[in-house]
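K.L.:
predicted model, plus sequence, below.
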Amino acid sequence: MTCAVGCLGAALAACGGPSPQHAARPGQSASAAAAPSKPPTLAPGPAGLTPVFTNGPRTQDKTVALTFDADMTADEGPRAEAGERFDNPQLIDTLRGFKVPATVFMTGRWAEEYPQEARAIGRDPLFEVANHSYSHYAFTSNCYGLPTVGEADMRGDVERAYAAFKKAGVPKAMPYFRFPGGCYDQRALRALSAVGVTAVQWDVVSGDAFATDADAVARQVLEGVKPGSVVVMHCTRSAAPTTEQALRTIVPELRKQGFRFVKVSELIGQTAAGHR
Ligand SMILES: [Zn+2]
């Protein structure tokens, strides 16, 4: 299925898929509830190029978006079968316990492996599910040793992830896409222009990938966060084993400093509205 943002909502509402709540509003922020339930996006660049979002407005309103990449690569099925855990339910529980809204950038392959978790995250108003490709293959060459997606397959890979989310029962995935490894170029932005997504990068690297010291991860985040920041973390136990523990320091400390946790959609909404 080829579906730009404009028809995403309509397609999901009409699909009558696994979710009986097709008419339910996602019910997020007040502004989202007042408008038709179309998530905010950035305007495309020249020649319709996919826009790239890095952080929200640096205003006095101290907002910060924690984002979690639910990584699983298309060829990691045998490793999951052998017992490796690419999910992290404890981390999701901790976010719920703290009532911290978050955006989960999920690969389609992850949703196939953990459909119940994908569905539960997708149906929880505390969270939003965004797209991290189906395969977690890189959209440029030389990206952390990841295998690469050919230009002709880029759009299909992103759309295949949306199909996987829908099949898992995620009622409404957001039109936000995070490039695997964060690697992109003009060619990749052009290849995705018809999908209608906003590419989402970050301005704070948590360093949680393969970290062994939760305190070091927490310190790096706390030193990096500014109003409007987007923090990249991982929701994958095997590759980011200390993230949940680091959150137990990060969340109370940022709240003490007056930060409010928001989803990426809220930061994009503020940015699209011209920082007002
Ligand atoms: Zn990733």
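P.N.:
Ah, there it is. Here the structure is a predicted model, which means the values were calculated and not measured.
K.L.:
please make it C-alpha for all contacts and neighbour counts, starting now.
P.N.:
Noted.
K.L.:
dump the lengthiest helix in the chain to CSV, keeping only the CA atoms.
P.N.:
For the chain, the helix with the greatest residue count under DSSP state H is helix 151-168. What follows is helix 151-168, C-alpha atoms only, in CSV (Å, rounded to 0.1, in the frame of the first residue of the first chain):
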residue,chain,number,x,y,z
GLU,A,151,17.4,3.5,-3.2
ALA,A,152,14.6,1.7,-5.0
ASP,A,153,13.6,-0.2,-1.8
MET,A,154,13.7,2.7,0.7
ARG,A,155,10.1,3.8,0.4
GLY,A,156,8.9,0.2,0.5
ASP,A,157,10.9,-0.5,3.6
VAL,A,158,9.3,2.4,5.5
GLU,A,159,5.8,1.4,4.2
ARG,A,160,6.4,-2.2,5.2
ALA,A,161,7.1,-1.1,8.8
TYR,A,162,3.7,0.7,8.8
ALA,A,163,2.0,-2.4,7.5
ALA,A,164,3.7,-4.5,10.3
PHE,A,165,2.5,-2.0,13.0
LYS,A,166,-1.0,-2.3,11.6
LYS,A,167,-0.9,-6.1,11.6
ALA,A,168,0.4,-6.1,15.2
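K.L.:
return the set of buried residues in it.
P.N.:
Buried residues in helix 151-168, counted by 16 or more other CA atoms under 10 Å: 154-168.
K.L.:
so which elements touch that helix?
P.N.:
helix 108-113, helix 115-123, strand 127-131, helix 186-191 (3 or more CA pairs under 8 Å, 6 or more residues apart in numbering; DSSP states H and E).
K.L.:
residue contacts, Asn88?
P.N.:
With contact taken as CA atoms under 8 Å, 6 or more residues apart in numbering, Asn88 is in contact with 235-237.
K.L.:
would you turn the helices and strands packed on helix 151-168 into TSV with distance to Lys256?
P.N.:
Converted to TSV, these look like this (distance: least, CA to CA, whole Å):
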stretch	distance to Lys256
helix 108-113	34
helix 115-123	27
strand 127-131	22
helix 186-191	38
